[in-house]
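Novice: missing the sequence, but the structure's below:
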Ligand SMILES: Nc1ncnc2c1ncn2[C@@H]1O[C@H](COP(=O)(O)OP(=O)(O)OP(=O)(O)O)[C@@H](O)[C@H]1O
């Protein structure tokens, strides 16, 4: 074996050592739908990624995309439906009983809302000490000593031991929560929106505390957040989640500076631009995310993607008309779904009548004033007839046949983007297609 091969193998071993958490094709479904004969909620739907020792991986995405479920599954508060989670080589999804209890010391979670995660009837000392009691750690005196030290570490005082949570501010309560997670010297902590519930003025203090603790105790973080500027500040790498899938994952700065995936583009375009002369338009996503019980069969983002691949004959169709046609497909899809599950009364309670108005009203709303090419007119007429006949299924089939593409039918692969280990889930990274950026620049500038 040549020297070169040996070296590269050593390097590879080093890299493996560097990985603390390795997640493979993980799914977490909530099954309660089955009681009513429906599909399960596919909250996490096949994610694979690694977290390196000592790093902070950010997890971002719209509300309901599965961030909390993924975080909770990693610390085994939620049971994985399938897939593997390796912590330092051990698949923790297979642990139970005493083995699981022993492992739990290594992985903790800090919740978003310090108000509801702290028991107001317990003193701060009892709250922070509880994990030590559960694990029967050393003597009661040593436990008390450790708790007092931890209170100091998180910026509180030893004397706070006998106070109650309600005697503290939001920021202080979150510090109590952080102290509690540290008691058993974990290696890995899921921070689930740890500062979102706090006043802006104290957010930075808690973030700084988390960074200091990470350095001092060699902690590895999964940092779940809505606030992208906080993520940019604190995270080494970021995973962007949509509908239970990771759409893009890679080093923070590269991802923020040059997003590859259309969904990352859309998400980042919502951040206010600090430089008012910078030219970046906000990408307004059409519609709402699909129901996680019934996700699209192709790319998870296909129903709202601003860069969806079009059939060749429509490549140059007017963008406004194309957007409205996409919206029509979404309306028909939603009607089809609702026909199966919801009563008319429920629909109207949800204030979604516009989606369920007559097809003439819908067409009026979508296409009024737009010029419809002769090739499209007959398709729209047939769709209208199908919808009037309550045959949403064949209307949708026709729309998919006419306007659909590989994005609607095939699950994309992850493609390397750049040379920093970043990957993105999008058909547009295949050879022969314009990149997402090129299309977004063309269609949305
Ligand atoms: N216990 C549960 N039972 C059934 N469905 C659930 C449960 N918890 C979450 N869900 C559903 O799973 C999906 C993912 O939810 P999750 O809370 O993980 O998303 P999220 O990205 O963390 O949202 P947010 O940012 O609002 O906290 C949602 O559709 C949600 O309604």
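Specialist: It's in. Keep in mind it's a predicted model, so treat the numbers as computed, not measured. Residues are numbered from 1 along each chain as shown.

Novice: Any chance of the backbone angles for residue 238?
Specialist: phi -130, psi 140 (degrees, to the nearest 10).

Novice: number of nearby residues for it?
Specialist: 27 (other Cβ atoms under 10 Å). Bear in mind the C-beta positions are built from the backbone N, C-alpha and C, glycine included.

Novice: Contacts only, for the nearest residue to it once chain neighbours are set aside.
Specialist: Leaving aside its sequence neighbours, residue 238 sits nearest to residue 58 (Cβ to Cβ, 6 or more residues apart in numbering; 4.1 Å). Taking Cβ atoms under 8 Å, 6 or more residues apart in numbering, we find residue 58 in contact with 223-225, 231, 234-235, 237-239, 252.

Novice: redo that, cut-off 7 Å
Specialist: By Cβ atoms under 7 Å, 6 or more residues apart in numbering, the contact list for residue 58 reads 223, 225, 231, 235, 238-239, 252.

Novice: could you dump these to CSV with distance to residue 84 and pLDDT?
Specialist: Formatted as CSV, the contacts of residue 58 follow (distance: Cβ to Cβ, whole Å; pLDDT from 0 to 100):
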residue, distance to residue 84, pLDDT
223, 22, 98
225, 26, 94
231, 26, 95
235, 24, 97
238, 23, 98
239, 17, 98
252, 26, 97
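
Novice: Show me these that map onto strands.
Specialist: Under the assignment DSSP state E, the contacts of residue 58 contribute 223, 238-239 to strands.

Novice: Residues of this structure that sit close to the ligand?
Specialist: 30, 32, 41, 43, 61, 63-69, 292 (Cβ under 6 Å from any ligand atom).

Novice: Now the buried members of those.
Specialist: The neighbour-count test (16 or more other Cβ atoms under 10 Å) marks 30, 41, 43, 61, 64-69, 292 as buried among the residues of the chain next to the ligand.

Novice: Tell me where the stretch 101-250 of the chain has strands.
Specialist: For the stretch 101-250 of the chain, the strands defined by DSSP state E, counting those that start in this stretch occupy 107-110, 188-192, 220-224, 237-242, 245-251.

Novice: Would you list the strands that the longest one pairs with, along with their directions?
Specialist: The strands beside strand 245-251 in its sheet (DSSP bridges) come out as strand 237-242 (antiparallel), strand 423-425 (antiparallel).

Novice: Over to the second one?
Specialist: With DSSP bridges as the criterion, the sheet partners recorded for strand 188-192 are strand 107-110 (parallel), strand 220-224 (parallel).

Novice: In a markdown table: those strands, plus mean neighbour count.
Specialist: Shown next, in a markdown table, are those (neighbours: other Cβ atoms under 10 Å):
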| stretch | mean neighbour count |
| --- | --- |
| strand 107-110 | 23 |
| strand 220-224 | 24 |
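
Novice: need these in CSV with distance to residue 405, can you?
Specialist: Formatted as CSV, those follow (distance: least, Cβ to Cβ, whole Å):
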stretch, distance to residue 405
strand 107-110, 40
strand 220-224, 33
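
Novice: Lowest mean pLDDT across those, which one is that?
Specialist: For the strands paired with strand 188-192, the weakest mean pLDDT is recorded on strand 107-110, namely a mean of 94.

Novice: Quick one: residues in contact with that strand.
Specialist: 71, 75, 77, 177-178, 181, 186, 188-192, 194.

Novice: switch the cut-off to 8 Å
Specialist: Under Cβ under 8 Å, 6+ apart, the answer for strand 107-110 is 71-72, 74-77, 87, 92, 174, 177-178, 181-182, 184, 186-192, 194.

Novice: ok so, going back, following the strand or helix carrying the residue nearest to residue 238, which helix or strand shows up next?
Specialist: According to DSSP states H and E, residue 58 maps onto strand 56-60. The first helix or strand that comes after strand 56-60 along the chain, using DSSP H and E, is helix 67-74.

Novice: What is that next one packed up against?
Specialist: strand 19-30, strand 41-52, strand 56-60, strand 107-110, strand 188-192, strand 220-224 (3 or more Cβ pairs under 8 Å, 6 or more residues apart in numbering; DSSP states H and E).

Novice: how does it look with 6 Å?
Specialist: Other helices and strands packing on helix 67-74, by 3 or more Cβ pairs under 6 Å, 6 or more residues apart in numbering; DSSP states H and E, are strand 41-52, strand 188-192, strand 220-224.

Novice: coming back round to it: quick check: which of the strands of the stretch 101-250 of the chain is nearest to residue 165?
Specialist: strand 107-110 (14.7 Å; Cβ to Cβ).

Novice: just to revisit the earlier point, show me which of the contacts of strand 107-110 are buried.
Specialist: Using 16+ other Cβ under 10 Å, the buried ones in the contacts of strand 107-110 are 71-72, 74-76, 87, 92, 174, 177-178, 181-182, 184, 186-192, 194.

Novice: For the ligand, give me its nearest residue in the stretch 151-300 of the chain.
Specialist: In the stretch 151-300 of the chain, the residue that lies nearest the ligand is residue 292 (4.6 Å; Cβ to the nearest ligand atom).

Novice: and that residue, that one's in a helix?
Specialist: No: under DSSP: H, G, I helix; E, B strand; the rest coil, residue 292 sits outside any helix and is assigned coil.

Novice: how near is it to residue 70?
Specialist: 13 Å (Cβ to Cβ, to the nearest Å).

Novice: Same question for residue 399.
Specialist: 33 Å.

Novice: Those two: who's more crowded?
Specialist: Set residue 399 next to residue 70 and count neighbours by other Cβ under 10 Å: residue 70 wins out with 28 against 23.

Novice: Please read off the pLDDT at that one from the model.
Specialist: Confidence score, pLDDT, at residue 70: 98.

Novice: now it, nearest residue through space, not along the chain?
Specialist: In space, residue 70 is closest to residue 44, 4.9 Å off (Cβ to Cβ, 6+ apart).

Novice: mind listing what the one you found touches?
Specialist: 26-28, 66, 69-70, 244 (Cβ atoms under 6 Å, 6 or more residues apart in numbering).

Novice: Which single one of those is nearest to the ligand?
Specialist: residue 69 (3.3 Å).

Novice: Next, the contact list for the closest one, please.
Specialist: So residue 69 contacts 28, 43-44, 78 (Cβ under 6 Å, 6+ apart).

Novice: Closest one of the residues you listed to the ligand?
Specialist: Using Cβ to the nearest ligand atom, the contacts of residue 69 come closest to the ligand at residue 43, 3.5 Å.

Novice: Could you list the low-pLDDT ranges of the protein?
Specialist: Residue ranges of the chain with pLDDT under 70: 1-17, 32-37, 272-281, 339-357, 444-445.

Novice: Could you chop it up by domain?
Specialist: 20-235, 312-404 (automatic domain parsing).

Novice: picking that back up, so what pairs up with the residue nearest to residue 70 in the strands?
Specialist: Bridge pairing for residue 44 - DSSP bridges - gives residue 28.

Novice: This completes my enquiry, with thanks.
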